[in-house]
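Undergrad: sequence unknown, structure follows:
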């Protein structure tokens, strides 16, 4: 039996009654070579750069040189500088430059060096013996999409704060690769824990398990590799909330952490209480991507800058990055979700039309828009013969035409990042494997740094991005918009004291 998702013609046909952006292809961009490093002194520049940033480097293990740990180090990848791969096909498709220009302009120098970071992470995750009696382990697991898991993570931090926990076992914090492998990935493989632990004691530090210091739990394999997907097993008789002390458990119920965060957030908006300092530290930069993922992001931005005809920092422009981001939440799961249906915009063309109506010409300094959505879900819906979803087919066609033709008559190129970008990582096969969660992290941090962000009322992802942008107080922190059935709405205008609250 075929599942049908039906919409009236007003949904399928753009309410602007315009066709889907049928404009000519962008022409090739010619630009002067970037004077990064003189060719003659290239080797010297690389060496100096490597020395100056040798503190920023990657990976982590229990301190043992097990075969699994060695395998993981190899997967997480080489620190050698390699030629730029085809990061996103549509980014590179029109770059036709001479070999000399490529030598000078197309070379991205990674900041991540595995061996050096491995030493730092080993030291950073070493448990403090002075904190053995204030070390907690989260008893449950994260689930759902990235931003729902982010709320759970914040809830765990609140629970740790309320129990005076100064350390959290890192093996107990795992992020689900939702819609991908569905494995749960240990926190320090996705986020820069060396950086995070530098905020201790303002934030509870992450620490690896030690059988001697923490005998009340053991670590078991729950996935393809115990160092990637560890499980916590309680070694006490009876209720660990009664009998375990080293570490002690937090999170009695599966939903306790997320409810802890949501209840606090509700009081912020309804009662005017202050946000917890822990949440502010997270939003202002304590939680940042693993250095390898940060390299993926920075190489992508580097490629975007190369597509720019002129320097994007101008006197007329208040923007600090050459791109804006649209979070187009039009995937089939959102179509079928029952909450806040009156606030949903189902048609991708309508969303784009709102942006082009609000900004008659492209915003000064912007020539690229990164579009964030789960393409794979759209494609799966369209190609499944048992499903009849006309809207999904329409939106997939609209997406492909946007990528092909751009916005404002081709003046602004549209590109994708996210899981597609993660999947193309030859240098980092570990992150290519877990492309769903890695792609969500990539999109999240690209959105935070965008010059303009367009999102939706009905997404916790959009709301989390805008809240983080708002509290970072950068030059573009207030350039945030929600598309809606009433048009594009500026949700953080000058003078706003709080970002919009997620209510769906």
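TA: Received, thanks. This one's a predicted model, so the numbers in the text were calculated from it and none came from an experiment.
Undergrad: going forward, measure contacts between C-alpha atoms and count neighbours the same way
TA: Fine.
Undergrad: Look up how far residue 343 lies from the nearest residue to residue 340 once chain neighbours are set aside.
TA: Excluding the flanking residues, the one nearest residue 340 by Cα to Cα, 6 or more residues apart in numbering is residue 504, at 5.9 Å. From residue 504 across to residue 343, the span is 9 Å (Cα to Cα, to the nearest Å).
Undergrad: could you show me where the strands are in the stretch 101-250 of the chain, in order?
TA: Taking DSSP state E, counting those that start in this stretch as the test, the strands found in the stretch 101-250 of the chain are 135-138, 167-169, 174-176, 184-186, 205-207, 217-221, 230-234, 248-250.
Undergrad: Which one, of those strands, ends up nearest to residue 283?
TA: strand 205-207 (16.6 Å; Cα to Cα).
Undergrad: In terms of secondary structure, what does the closest one contact?
TA: When contacts are defined as 3 or more Cα pairs under 8 Å, 6 or more residues apart in numbering; DSSP states H and E, strand 205-207 packs onto strand 167-169, helix 193-197.
Undergrad: Dump those to TSV, plus distance to residue 471.
TA: Putting the helices and strands packed on strand 205-207 into TSV (distance: least, Cα to Cα, whole Å) gives the following:
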stretch	distance to residue 471
strand 167-169	26
helix 193-197	18
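Undergrad: any chance of the ones you listed in JSON lines, plus mean pLDDT and distance to residue 250?
TA: Below are those laid out as JSON lines (pLDDT from 0 to 100; distance: least, Cα to Cα, whole Å):
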{"stretch": "strand 167-169", "mean pLDDT": "98", "distance to residue 250": "10"}
{"stretch": "helix 193-197", "mean pLDDT": "98", "distance to residue 250": "20"}
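Undergrad: I'd like to know which of these is closest to residue 323.
TA: Checking those against residue 323 by Cα to Cα gives helix 193-197 as the closest, at 26.8 Å.
Undergrad: quick one: contacts of the closest one?
TA: Helix 193-197 is contacted from outside by 120-121, 124-125, 203-206, 286-288, 290, using Cα atoms under 8 Å, 6 or more residues apart in numbering.
Undergrad: Select, out of the helices and strands packed on strand 205-207, the one closest to residue 299.
TA: Across those, closest to residue 299 is helix 193-197 (Cα to Cα), at 20.6 Å.
Undergrad: who's in contact with the residue nearest the centre of the chain?
TA: Taking Cα atoms, centre = their mean, the centroid of the chain lies closest to residue 441, which sits 1.8 Å from it. Going by Cα under 8 Å, 6+ apart, residue 441 touches 146, 289, 418.
Undergrad: if we can go back for a sec, quick one, which of residue 504 and residue 343 is more surrounded?
TA: Legend: neighbour count by other Cα atoms under 10 Å for residue 504 and residue 343, higher for residue 343 (15 against 12).
Undergrad: isn't that one right up against residue 487?
TA: No: checked against Cα atoms under 8 Å, the pair residue 343 and residue 487 is beyond contact range at 10.7 Å.
Undergrad: Local confidence estimate at the residue nearest to residue 279 when sequence neighbours are not counted?
TA: Excluding the flanking residues, the one nearest residue 279 by Cα to Cα, 6+ apart is residue 154, at 6.8 Å. Residue 154 is assigned 98 on the pLDDT scale.
Undergrad: How much space separates residue 154 from residue 264?
TA: 11 Å.
Undergrad: With residue 396 instead?
TA: Separation of residue 396 from residue 264 (Cα to Cα): 38 Å.
Undergrad: quick one, which of these two is more surrounded?
TA: Using other Cα under 10 Å as the criterion, residue 396 and residue 264 rank with residue 396 on top: 20 against 17.
Undergrad: pretty sure the more buried one is in a helix, no?
TA: Yes: under DSSP: H, G, I helix; E, B strand; the rest coil, residue 396 falls within a helix.
Undergrad: how far away is the nearest residue to it once chain neighbours are set aside from residue 432?
TA: Using Cα to Cα, 6+ apart and skipping the chain neighbours, the partner closest in space to residue 396 is residue 378 (6.4 Å). With distances taken as Cα to Cα, residue 378 is found 20 Å from residue 432.
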